[in-house]
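Requesting a structural model of the entry that follows:
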Amino acid sequence: MAELTNDYPTLVDLTRAKNADGTMLQVAPVLMERNPILAHIPWGQCNNGNSHTSSVETSLPTAYLRTYNEVVAASKGTEVQVTDTLCMMQQWSEVDAKLAEHGGDVAGYRALKARQHISKMSNEAARLIFYGNASTNPRECTGLSIRYSDVTAGNARNLIDMGGTGGDNTSIWFLKFGPESLTGLSAKGVPAGLSREDFGRVAAETHGSQVGNIIKYKEMFGWDFGLSLPDWRFSARVASIDVSDLRARAGAEADLIDGMISAYHALETTEGVRIYCNRTLAAQLDRQRRDAVQAGGMLGYVDVDGKAIPSFRGLPMYVCDAILNTEAAV
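Numbering: from 1, shown residues only. Predicted coordinates for the structure are as follows:
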């Protein structure tokens, strides 16, 4: 008999997940990342099936000064059309029916496996929001980093270069969500978010590398989504923050608060803006806040839904594990 691959749960997996009385353990989701951006971003439907076209303003009409009896030429503003596409993420969960049934709690075991799939898809969705690049991988949607990556581009005002080099950099993001600023996309006529389709107890003729007959429980998880940025002025990126210098507290250590001040003033408005960084930067900001507090540092806390959230100039700050420490310099 051919050996099963590790893509399928085994009896060892089952016994690890059970209490002594046979009920399912509450397994700690240690691999689930902290990515609150998934709860914050609003979702809207594409205006063209599975793609979305936005009109981005590139110039304003010309205003002329005239005197008496002088004609004035007509003028107009210009726009560029930007089309964003969706990525289609999918996972399948398959469990040998006998394995689940002999455990005594079919629903509990399947729910445990489903949570693992959902955790993985959530982590991947957050990664794509920041780092997806449809131009290099058509299966991905276009995320935020590629949109704020060129210090010579038209939106360079909202890209703050902190001077890091190499491939050990990270970023702080100032993001304003809304239909006119930044929003998630779902296919037209399809509910937004992660979906689950349960195929129940089914007969199959393949299982891993084996060909033959088997009964298993089968379900599919899917998430089709993208990102639209109609107006870049409402968000900003503090980029090229050298992580190794931060950790070493070296002389070249980036002044994070200085970069955040630049991003704050680059924004078209600060109303409704949230700030995101990873755990490394959150810890370093805490240290810089401690060092600067006697000089009146600008980091503090605000109340958001009854919780004290770290803040910068009144803007709530969140830790997002999807933001890497291995970014290339802009």
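
Which of the three states applies to the spatially most central residue of the chain?
Centrality entry for the chain: nearest residue to the mean C-alpha point is Ala126, 2.6 Å, by CA atoms, centre = their mean. Classification of Ala126 using DSSP: H, G, I helix; E, B strand; the rest coil returns helix.

pretty sure Asp96 contacts Lys216?
Yes - if you go by CB atoms under 8 Å, Asp96 and Lys216 touch, sitting 5.4 Å apart. In this view, the C-beta of every residue, glycine as well, is placed from N, C-alpha and C.

Dump the host helix or strand of Leu185 to PDB, keeping only the CA atoms.
Following DSSP states H and E, one finds Leu185 within strand 183-186. This file holds the C-alpha atoms of strand 183-186, laid out as PDB (Å, rounded to 0.1, in the frame of the first residue of the first chain):
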ATOM      1  CA  THR A 183     -11.300  49.400   0.300                       C
ATOM      2  CA  GLY A 184     -11.300  45.700  -0.200                       C
ATOM      3  CA  LEU A 185     -13.000  44.100  -3.200                       C
ATOM      4  CA  SER A 186     -15.200  41.100  -3.700                       C
END
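
so what does that strand touch, helix or strand wise?
In terms of contacts (3 or more CB pairs under 8 Å, 6 or more residues apart in numbering; DSSP states H and E), strand 183-186 is packed against strand 43-45, strand 210-228.

any idea how far the longest one is from the chain center?
This means strand 210-228. Its chain's average C-alpha position is 23 Å from that of strand 210-228, according to CA atoms, centre = their mean, to the nearest Å.

Equivalent analysis for the shortest one, please.
Per CA atoms, centre = their mean, the displacement of strand 43-45 from the mean C-alpha position of its chain is 15 Å.

Pull out the buried residues from the helix or strand following that strand.
Note on strand 43-45: by DSSP H and E, the next helix or strand toward the C-terminus is strand 51-59. For strand 51-59, burial by neighbour count (16 or more other CB atoms under 10 Å) applies to His52, Ser54.

And the strands in the stretch 51-200 of the chain?
Per DSSP state E, counting those that start in this stretch, the stretch 51-200 of the chain carries strands over the ranges 51-59, 78-85, 87-96, 159-161, 169-176, 183-186, 195-207.

And those strands: which comes nearest Met260?
Closest of these to Met260 is strand 169-176, at 6.3 Å (criterion: CB to CB).

Run through the neighbouring helices and strands of that closest one.
In terms of contacts (3+ CB pairs under 8 Å, 6+ apart), strand 169-176 is packed against strand 236-242, helix 256-266, strand 273-277, helix 279-292.

and that strand with strand 273-277, angle?
Angle between the axes of strand 169-176 and strand 273-277 is 160 degrees (criterion: axes from the mean of the first three to the mean of the last three CA atoms, to 10 degrees).
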